[in-house]
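Here is a sequence with its predicted model. Questions after.
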Amino acid sequence: MNVKRFVKPNVYSLQAYQAKDIPCRVKLDANESPYGFMDAYKAVRSVRTNRYPDPAAQTLKNSVSKEAGMKPGNILQGNGSDELIYYLITTFGGPVLYPVPTFSMYGIITQALGEKKVEVPLDKDFDLDEKGMLMEIRRKKPRLIFLSSPNNPTGNCFSSQTILKIIESTSSTSLVIVDEAYQPFASSKGFIPMLGDYKNLLIMRTLSKMGLAGLRVGFLIADEEVIGHVNKVRLPFNLNALSQAAAIEILKDKKALKKNIRLIVSERGKLFSELSKIAGITPYPSEANFILFGVEDADGVFNGLLKNGVLVRNMKGVGGGCLRVTVGTPDENRIFIRALKLILKNSPLVKADKGG
Ligand code: PMP
C-alpha cells in the first residue's frame, strides 16, 4: 500500500519539530530550567488515576488569574503553550504572520493545518522591522500575528512601541499573540497590563521555562469572548490530573520560583561576560534563559561541545551560523565555557585573541 498517497500535501512536505534525545552530561539545548521541584511528588500522591482530570482546570486557572490580575474566564489552559498555538490557528485560521527567525512551531503548526504562512525578516538588531511588518500586514491581511518577546532564538525583547503600533493598527483585522514564554527572565514588565486596553491582544505564558517543562502546562490570557471561542476546539481533558495537581502546588511557592529566576538571570550575566571574552564568539544580549552566539564553524563547535558531553542547540540558519546555549547551573555553565575555550583554542579558524 502506498501510504504517501493518503498524506495531505501540506503534511507530506512538513519537517517534524527537531526534538532529539541526544545523550549528554550537560544538557543546555532546550531552554529548560536547571532547577526542578521535588514538592511536585507530594502533590500528585492524592490524584485518583481512575478519574478524568478536571476538564476546566479550575483551581489552576484561579491561581493563574489571580497572579495575572485577571478573571478565570480570561485564562485557557494548554498542554504546554504549543497546544495553544494549535488551538489558536484551528480557531481563527490564517494567514499567520510572524517575524523570522523565531520559534519554529508557529510555522510548523500553520503548515500542518493547511494555512498560509507570512514570514517577515527581523532587522539587523533582531528587532521587528516595523515598516516591513506593517507593509506585509496591509498586503497579506493576516488573521493571526505571533510575536515571541523575548524572542526565541535571538533572546531580545522586541520594541514595545512597535508591538503597540502593530496591535493598534490591526485592532479590527488581526489578533496579535504576544508569546511571553521567557518574560519571567526579562527586565521589562510585558503586556499583561495592556490586556484591558486591546481586545485583539492575546498573551501566551508557560511554566516550562520555570522548572516544570515535564508537566506541559501553558496558558492563554485574553478577552473572555476570545477565550470562549478557542475553548470550543480544546480537547476535553487536555491537561492531565498529575500536571494540574503538581502545578497548583508549585505555584503556591512564589518565593522558590522567584529565587530560581533570579539565579538564572544572574548566571546569564556571568555567562554573557565569559562568552564576550572568547575570541571567535559573538554573544547577543539576552532577556531570556538562553544566549545566542555567533561562531564561524557552528557545526564543528556544536560537535566539539557534544564530544565534551555538552549539548547546545545548533541554529544553522541564523545570522551566518549561531549556537544557542541555555543558562544552566553555575557548574554546568563552567563546564560549557571550559569546553568551548578548549575547542576554539584548537580551531584553525580562530586566530586573534580578544585578551582577558
Ligand atoms: N513559545 C516559545 C517562544 C518557546 O520557545 C517555546 C518552547 N521552546 C514555547 C512557546 C513552547 O513552550 P511549551 O513548553 O509551553 O509548549
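The structure has been received and is ready for your questions.

Can you report how many residues lie near residue 310?
25 (other C-beta atoms under 10 Å). Yep, even glycine has a C-beta here, placed from its N, CA and C like the rest.

same question, residue 63
Neighbour tally, residue 63, other C-beta under 10 Å: 17.

Which helix runs longest in the protein?
helix 254-276 (DSSP state H).

which parts of the helix or strand following that one are buried?
Using DSSP states H and E, the next helix or strand after helix 254-276 towards the C-terminus is strand 281-283. By 16 or more other C-beta atoms under 10 Å, the buried positions in strand 281-283 come out as 281, 283.

Tell me which other helices or strands strand 281-283 touches.
helix 254-276, strand 290-295 (3 or more C-beta pairs under 8 Å, 6 or more residues apart in numbering; DSSP states H and E).

for it, what is the average pLDDT?
Taken as a whole, strand 281-283 has a mean pLDDT of 96.

now swap in stretch 311-324 and tell me
pLDDT averaged over stretch 311-324 gives 91.

Regarding it, how distant is the last residue from the first?
Separation of the first and last residues of stretch 311-324 by C-alpha to C-alpha, to the nearest Å is 10 Å.

cool, stretch 63-79 as well?
So stretch 63-79: terminal residues 17 Å apart, C-alpha to C-alpha.

What residues sit buried inside it?
Buried-residue list, stretch 63-79, by 16+ other C-beta under 10 Å: 63, 64, 65, 68, 70, 72, 74, 75, 76, 77, 78, 79.

which parts of this structure sit against the ligand?
Proximity of the chain to the ligand, by C-beta under 6 Å from any ligand atom, involves residues 31, 80-82, 103, 148, 152, 179, 181, 206, 208, 213, 218.

Which two among the residues you listed are spaced furthest apart?
Among those, the pair separated by the greatest distance (C-beta to C-beta) is 148 and 213, at 16.7 Å.

between those two, which one's more packed in?
Between residue 148 and residue 213, residue 148 has the larger neighbour count (other C-beta under 10 Å), namely 25 against 17.

Excluding chain neighbours, what is closest to the more buried one?
Closest residue in space to residue 148, ignoring its immediate chain neighbours: residue 179 at 4.3 Å, by C-beta to C-beta, 6 or more residues apart in numbering.

What's opposite that neighbour in the beta bridge?
Beta bridges link residue 179 to residue 148, residue 204, judged by DSSP bridges.

how about residue 110, what does it touch?
Going by C-beta atoms under 8 Å, 6 or more residues apart in numbering, residue 110 touches 89, 94, 96, 116, 117.

Farthest-apart pair in the buried residues of stretch 63-79, please.
Going by C-beta to C-beta, the pair spanning the buried residues of stretch 63-79 furthest: 70 and 79, at 20.8 Å.

Show me the helices in this structure, by range?
Under DSSP H, the chain gives helices at 9-12, 39-44, 58-68, 81-92, 105-112, 130-140, 160-169, 224-231, 241-252, 254-276, 298-307, 330-345.

In JSON lines: those, plus mean pLDDT.
Formatted as JSON lines, the helices of the chain follow (pLDDT from 0 to 100):
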{"stretch": "helix 9-12", "mean pLDDT": "93"}
{"stretch": "helix 39-44", "mean pLDDT": "81"}
{"stretch": "helix 58-68", "mean pLDDT": "96"}
{"stretch": "helix 81-92", "mean pLDDT": "98"}
{"stretch": "helix 105-112", "mean pLDDT": "97"}
{"stretch": "helix 130-140", "mean pLDDT": "98"}
{"stretch": "helix 160-169", "mean pLDDT": "98"}
{"stretch": "helix 224-231", "mean pLDDT": "98"}
{"stretch": "helix 241-252", "mean pLDDT": "94"}
{"stretch": "helix 254-276", "mean pLDDT": "97"}
{"stretch": "helix 298-307", "mean pLDDT": "95"}
{"stretch": "helix 330-345", "mean pLDDT": "95"}
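
Lovely, talk soon.
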